[in-house]
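Novice: Provide a 3D model corresponding to the input given below.
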Amino acid sequence: MKFFASCGKGLEYLLADELMALGCTRATAAIAGVNVEGTLQDAQRAVLWSRLASRVLWPITEFDCPDEHALYAGVAAVAWPEHLAQGHTLAVDAHVSGEAITHARYAAQRVKDAVVDVMRAQTGTRPDVDVEHPDLRLSFVLRKGRAVLSIDLSGGPMHRRGWRTKQGEAPLKENLAAAVLMRGQWAKRYAEGGALLDPMCGSGTLLIEGALMAADVAPGLQRHESQPPTHWRGFDEGTWRVLVDEARRREAAGMNALRPAFFGRDTDPHAIRAAQDNAVLAGLAGLIDFRTGDVRSLEANAVLREGDDASAPVAPGLVVCNPPYDARLSADPALYRALGDALKRAVPDWRASLLCGDAELAFATGLRAQKKYQLFNGAIECTLIVCEPVAPPQRERADAPPALSEGAQMVANRLRKNLHKLKRWREREDVTCYRAYDADIPEYAAAIDVYITDEATPRTWLHVQEYAAPAEIPENVQRRRLNELLAAVREVFAVPREQVALKTRARGKGGSKYGQMDSRGEFLTVREGDARLRVNLFDYLDTGLFLDHRPMRLRIAAEAEDTRFLNLFGYTGAATVHAAVGRARLTTTVDLSATYLDWCADNLRENDIGGTRHRLVQADALTWLESDGLEYDLIFCDPPTFSNSKRADDFDVQAQHVRLLSAAVARLAPDGVLYFSNNYRRFRLDEAAVAAFADCVEITAKTLPPDFERDARIHRCWRLQRRRGG
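Specialist: Take a look at the predicted model:
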């Protein structure tokens, strides 16, 4: 059976790993959750043991839902007496998107009406509604005209462990606290004898969650120790009792062996009292050392050794912290700097997992992060940085840096030459993202792109993408040349290693291919013209911004005012953002990938752009185009060379470009303009066929920027208008 475990954005991959460890057959990360394959017992185990999930949803029906009548009929078709006993109460949570039904509360009401009507007709009684503690909680999700109705096996928010009655001004959810601990590898540190320190502990969430994790206490045990999470008639209560009994045995053993290795400090005595009370309710009385104290006064090992033998060795532990960062708590970069300085002084060889307000505040700590992740604390997007150790030992510096090899020196010289050549152009046009090197020396075959962030203290990041080497080049020679290129990059740009994203080729079946990407979830914000755009240098082969199309996007911005703009094969929506910033009247972005459309939505939000005037459409672009009936004044079409998908027919730009352009030109307003581009190096435009319906002029030379002039075949571009009388 398939079921769904929801979670906060940014926790999906961790949750998938956790569910696999709990015995599920398969777990695949989705958006804000995980699609899971497993038994009902697996789902019930997840309710009891998952530290990261928000809900566990067991689907009971799925149906097409174009309108409210279909909604009612689809829910009424369920045999509800098989799910809900007489006298039991009901609650419905609804989430809707699309144009058919736009109000979640109304959708929840119609679901409730259908259930009540069926129960009344078949049993003679109707269930009451109890939104706080229902016997049966339902989840209704409507997306793209398809409805899924599920039993909420968790019965309520799973982040509520049952012990927190007191909290600070901006509380951290327990499942997000668990993610901070997991990214910090707390279980491993505890097993090695390490301790847990939170120097700004607030009401103690991170420390209490860490202690219960170390003690092997099931996160759902206290929440459901007196009764099961749901009275759904399909719930296997026998299995649930077995799971709970096993969890109680593990809790007893874990609590008996738990070391008092937990230390919390906070400047607010009210927060410390709340933390102490919460610890008592969690069964941890006396096991966590909570004291009032300022992070600036944190001294080397003093936290851990007061009252103990100061000569006793202390195994490196984990520092966790959720310093203040939202408007209510007035984020202060100076406080972040004080935190970083204190940790370097007090626990230099520890690991740190710090949930910061954003990348700029994380940077303010002065700590060098090995990993960065984007997480959400409610609606607030945060940056989690993981540092190990907190203060890396300073390398002994020789009088002069080690000399570059002859090959590395050649690459460094070429890089400096390129940067000098591009400098005046970059300063004149305020270009902050550009290509600095593109296999200029054939033996050192890679592209080097520079991304400078748009923040108070700009940082330089590099994206190094290795090209495939000829088959006759030995792998050890290829590896040596790549290392020499990286040595040249480090010398010329002088950036930390963690600010270099490297995409390397790995030889396998079928020839040379790119190795597995990272999964850091780290997004950077850069500026192009008047647009702010989000890029991800580590997790995908491409970064989310094709730099060679910079002139095309700026042209769109200049021509977009008061137009209806259409972006086909929209990717991450950079062209859409430029059109919107250029005051387009309406924008429509079409792409088959939900991931890219979400990225586009984030890009729009980055520029404070939103609302119904900016439409995102998940569809096969060609099929959608041939069924769309609207007119557009400005269209940008940049299709892939080839694509295949389970949800759409295969696409081949050479074979299908005439059909694509004919459909796009048909959607142009009388004086509208279509810009068509692609990067297939052997592409040949069927000029005769296109001339039958459009005036077409190639403008490739005008769309190639100076940083790509070495590769005039990086893309080709045409300007099309509807042929008069066509």
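Novice: Three-state assignment for residue 441, please.
Specialist: Classification of residue 441 using DSSP: H, G, I helix; E, B strand; the rest coil returns coil.
Novice: List the buried residues of the helix or strand where residue 290 lies.
Specialist: Assigned by DSSP states H and E, residue 290 belongs to strand 288-292. Going by neighbour count (16 or more other C-beta atoms under 10 Å), the buried part of strand 288-292 is 288, 289, 290. Where C-beta positions appear, they are placed from N, C-alpha and C, glycine not excepted.
Novice: Kindly report the same for stretch 386-395.
Specialist: Buried residues in stretch 386-395, defined by neighbour count with 16+ other C-beta under 10 Å: 386, 387, 388, 389, 390, 391.
Novice: Which pLDDT value goes with the fifth one?
Specialist: Which is residue 390. At residue 390, the model reports a pLDDT of 93.
Novice: show me what contacts it?
Specialist: 319, 343, 344, 347, 348, 349, 350, 351, 352, 367 (C-beta atoms under 8 Å, 6 or more residues apart in numbering).
Novice: and if you look at the last one?
Specialist: Counting by C-beta under 8 Å, 6+ apart, residue 391 touches 343, 344, 348, 349.
Novice: Mind checking which of those residues are in helices?
Specialist: Judged by DSSP state H, these include 343, 344 as members of helices.
Novice: Among the contacts of residue 391, name the buried ones.
Specialist: Among the contacts of residue 391, those that count as buried by neighbour count (16+ other C-beta under 10 Å) are 343, 344.
Novice: burial of the nearest residue to residue 407 once chain neighbours are set aside, as a residue count?
Specialist: Of all residues not flanking residue 407 in the chain, residue 484 sits nearest, at 4.5 Å (C-beta to C-beta, 6 or more residues apart in numbering). Applying other C-beta atoms under 10 Å, we find 21 residues neighbouring residue 484.
Novice: Now name the helix or strand holding residue 484.
Specialist: helix 475-493.
Novice: so where's the stretch 551-700 of the chain uncertain?
Specialist: 646-647 (pLDDT under 70).
Novice: How are the strands of it distributed by residue range?
Specialist: Listed in chain order, the strands of the stretch 551-700 of the chain (DSSP state E, counting those that start in this stretch) span 564-568, 586-591, 614-618, 632-637, 642-645, 648-652, 668-678, 694-698.
Novice: quick one on the thing from earlier: compile the buried residues of strand 288-292 into JSON lines and extend it with columns for distance to residue 419.
Specialist: Output for the buried residues of strand 288-292, formatted as JSON lines (distance: C-beta to C-beta, whole Å):
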{"residue": "288", "distance to residue 419": "53"}
{"residue": "289", "distance to residue 419": "53"}
{"residue": "290", "distance to residue 419": "53"}
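Novice: any idea of the mean pLDDT in stretch 272-282?
Specialist: Here stretch 272-282 scores 94 as its mean pLDDT.
Novice: What lies in contact with that stretch?
Specialist: Here stretch 272-282 makes contact (C-beta under 8 Å, 6+ apart) with 161, 163-168, 201-205, 207-208, 211-212, 222, 264, 266, 285, 287-288, 290-292.
Novice: Narrow those to those in helices?
Specialist: Taking DSSP H as the definition of helices, the contacts of stretch 272-282 contribute 205, 207, 208, 211, 212.
Novice: from memory the third one sits against residue 288, does it?
Specialist: Translated: residue 208. Yes: assessed by C-beta atoms under 8 Å, residue 208 is found in contact with residue 288 at 7.0 Å.
Novice: Any stretches of the protein with poor pLDDT?
Specialist: Applying pLDDT under 70 to the chain flags residues 166-170, 300-314, 326-331, 394-402, 505-519, 646-647, 725-726.
Novice: Check which residues of stretch 67-87 are buried.
Specialist: Neighbour-count burial for stretch 67-87 flags 70, 71, 72, 74, 75, 76, 78, 80, 83, 84 (criterion: 16+ other C-beta under 10 Å).
Novice: Oops, could you answer that again for stretch 626-638 instead?
Specialist: For stretch 626-638, burial by neighbour count (16+ other C-beta under 10 Å) applies to 628, 632, 633, 634, 635, 636, 637, 638.
Novice: would you turn the residues you listed into JSON lines with distance to residue 176?
Specialist: JSON lines is the format used below for these (distance: C-beta to C-beta, whole Å):
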{"residue": "628", "distance to residue 176": "41"}
{"residue": "632", "distance to residue 176": "42"}
{"residue": "633", "distance to residue 176": "45"}
{"residue": "634", "distance to residue 176": "42"}
{"residue": "635", "distance to residue 176": "42"}
{"residue": "636", "distance to residue 176": "39"}
{"residue": "637", "distance to residue 176": "41"}
{"residue": "638", "distance to residue 176": "38"}
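Novice: Quick one: end-to-end length of stretch 365-374, please.
Specialist: End-to-end distance of stretch 365-374 (C-alpha to C-alpha, to the nearest Å): 17 Å.
Novice: Show residues contacting that stretch.
Specialist: Stretch 365-374 is contacted from outside by 9-10, 183, 336-337, 339-341, 343-344, 352, 354, 356, 359, 362, 381-388, 390, 392, 496, 498, 520-523, using C-beta under 8 Å, 6+ apart.
Novice: And it, what's buried?
Specialist: Buried positions in stretch 365-374, judged by neighbour count with 16+ other C-beta under 10 Å: 365, 367, 368, 369, 371, 372, 373, 374.
Novice: Likewise for stretch 712-726?
Specialist: 714, 715, 716, 717, 718, 719, 720, 721, 722.
Novice: can you give me the offset of that stretch from its chain's centre?
Specialist: How far stretch 712-726 lies from its chain's middle: 36 Å, per C-alpha atoms, centre = their mean, to the nearest Å.
Novice: Name the residues that touch that stretch?
Specialist: Identification of contacts with stretch 712-726 by C-beta under 8 Å, 6+ apart yields 548-549, 552, 661, 664-666, 668, 670-679, 681, 683, 685, 690-700, 702-704, 708.
Novice: returning to what we had before: tabulate the buried residues of stretch 67-87 (a markdown table), appending distance to residue 446 and secondary structure.
Specialist: Putting the buried residues of stretch 67-87 into a markdown table (distance: C-beta to C-beta, whole Å; DSSP: H, G, I helix; E, B strand; the rest coil) gives the following:
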| residue | distance to residue 446 | secondary structure |
| --- | --- | --- |
| 70 | 54 | helix |
| 71 | 54 | helix |
| 72 | 59 | helix |
| 74 | 54 | helix |
| 75 | 57 | helix |
| 76 | 61 | helix |
| 78 | 58 | coil |
| 80 | 62 | helix |
| 83 | 59 | coil |
| 84 | 62 | coil |
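Novice: wait, which of those is closest to residue 38?
Specialist: Within the buried residues of stretch 67-87, distances to residue 38 taken as C-beta to C-beta reach their minimum at residue 83, with 20.2 Å.
Novice: Just to check, that closest one is in contact with residue 151?
Specialist: Yes: applying C-beta under 8 Å, one finds residue 83 in contact with residue 151, separated by 7.1 Å.
Novice: Provide the count of other residues in contact range of the spatially closest residue to residue 12 that is not a sequence neighbour.
Specialist: Nearest residue to residue 12 in three dimensions, chain neighbours excluded: residue 29, at 3.8 Å (C-beta to C-beta, 6+ apart). Other residues lying near residue 29 total 17 when counted by other C-beta under 10 Å.
Novice: And residue 450, by the same measure?
Specialist: The number of residues packed near residue 450 is 22, by other C-beta under 10 Å.
Novice: If it is in a bridge, with which residues?
Specialist: Counting by DSSP bridges, residue 450 is bridged to residue 434, residue 462.
Novice: Quick check: the gap between it and residue 434.
Specialist: Distance of residue 450 to residue 434, given as C-beta to C-beta, to the nearest Å: 6 Å.
Novice: No further queries at this time; thank you.
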